[in-house]
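> task: produce atomic coordinates for the following.
(one chain, ligands or ions: 1)
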Amino acid sequence: MYYLTFDQDWAPEWASQDIINLLVQYGLLGTFFVTNLCESIDTARQHGFELGLHPNFLPGSTHGRTWDDTLDHMQDLVPDAVGVRSHCLIRGTPLLQKYRERGLLYDASDIFDGRDGMSPFLSWTGVWRVPIWWEDDVAIHRNGLSAFIPTGEPLGIRVINVHPVLHALNAHDLSGYVALKKRLRSEGKALHQASRDDFIPFMQQSGVATWLHGFCEWLARYPSWQGNRLRDAVSDRIR
Ligand SMILES: [Zn+2]
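You can find the predicted model right below:
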């Protein structure tokens, strides 16, 4: 079963909207992990996408000084968030305990890319742990963006993770992303304020967008392999 997930990572509104439009076009659902509010979050909600938190626990975070400040802030932004995936996949027992206290169903911050036969794991804290099976930037690091062509029935859960910014750049490596951020910094502009015109000089070909479009087209043909939202992966286990 495939599950499409997206880490917003302060993407411009139009970049997240492009992803929503793509999934809607193919009749697919997914889960958005939110870093900041923008109109696309409401659109995702209206289309039945699941929302999760994407808190930044790193030093200097704009989400809060402490873990509790950060989670308070995030849950104020997205009170209907079902689960969580932390920025940079920060995880650990004290965090799982906090997620449990706050009523979050799962933590999707593990990555075991390419491993077959995985399933959500109910940790002793009562929070489910849901691993990522394929992630765009990891595929780029492994030089495997074009190598993955799905065939046959998936074994276990396969959680796909795509970043709207890398999709908007159609990145096939991270050089355009690094250069874009440098340019925006020099102009005093935040990533979420960037226009499509700001992105154009840094766009690439045969990258994440090409891959995701091909994947969605393929997945749309197999309704029984569409896992939809991450809470469905967990509730399949409870049943
Ligand atoms: Zn992130």
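> identify each buried residue in whichever helix or strand residue 184 is part of, please.
Per DSSP states H and E, residue 184 falls inside helix 175-186. Residues of helix 175-186 classed as buried by neighbour count (16 or more other CB atoms under 10 Å): 176-177, 180, 184. For glycine as for every other residue, the C-beta is placed from the backbone atoms N, C-alpha and C.
> same question for stretch 220-239.
Neighbour counts using 16+ other CB under 10 Å place 226-234 of stretch 220-239 among the buried residues.
> and that stretch, what's its mean pLDDT?
The average pLDDT within stretch 220-239 is 87.
> follow-up on the earlier one: of all the buried residues of stretch 220-239, which comes closest to the ion?
residue 230 (15.8 Å; CB to the ion).
> confirm that residue 3 sits in a strand.
Yes. Residue 3 forms part of a strand when assessed by DSSP: H, G, I helix; E, B strand; the rest coil.
> for it, give its distance to residue 127.
For residue 3, the distance to residue 127 equals 17 Å [CB to CB, to the nearest Å].
> mind listing which of the buried residues of stretch 220-239 are in helices?
Under the assignment DSSP state H, the buried residues of stretch 220-239 contribute 230-234 to helices.
> not counting the helix or strand just after the helix holding residue 184 itself, show me its contacts.
Using DSSP H and E, the helix or strand that follows helix 175-186 towards the C-terminus is helix 196-199. For helix 196-199, contacts defined as CB atoms under 8 Å, 6 or more residues apart in numbering pick out 12, 14-15, 168-169, 180, 183-184, 189.
> and those, which two are furthest apart?
Within those, 14 and 183 form the most distant pair, 17.5 Å apart (CB to CB).
> which one is the residue of the chain found nearest the ion nearest to, not counting chain neighbours?
Nearest residue of the chain to the ion (CB to the ion) works out as residue 87 at 3.7 Å. In space, residue 87 comes closest to residue 56 once its chain neighbours are excluded; the distance is 4.2 Å by CB to CB, 6 or more residues apart in numbering.
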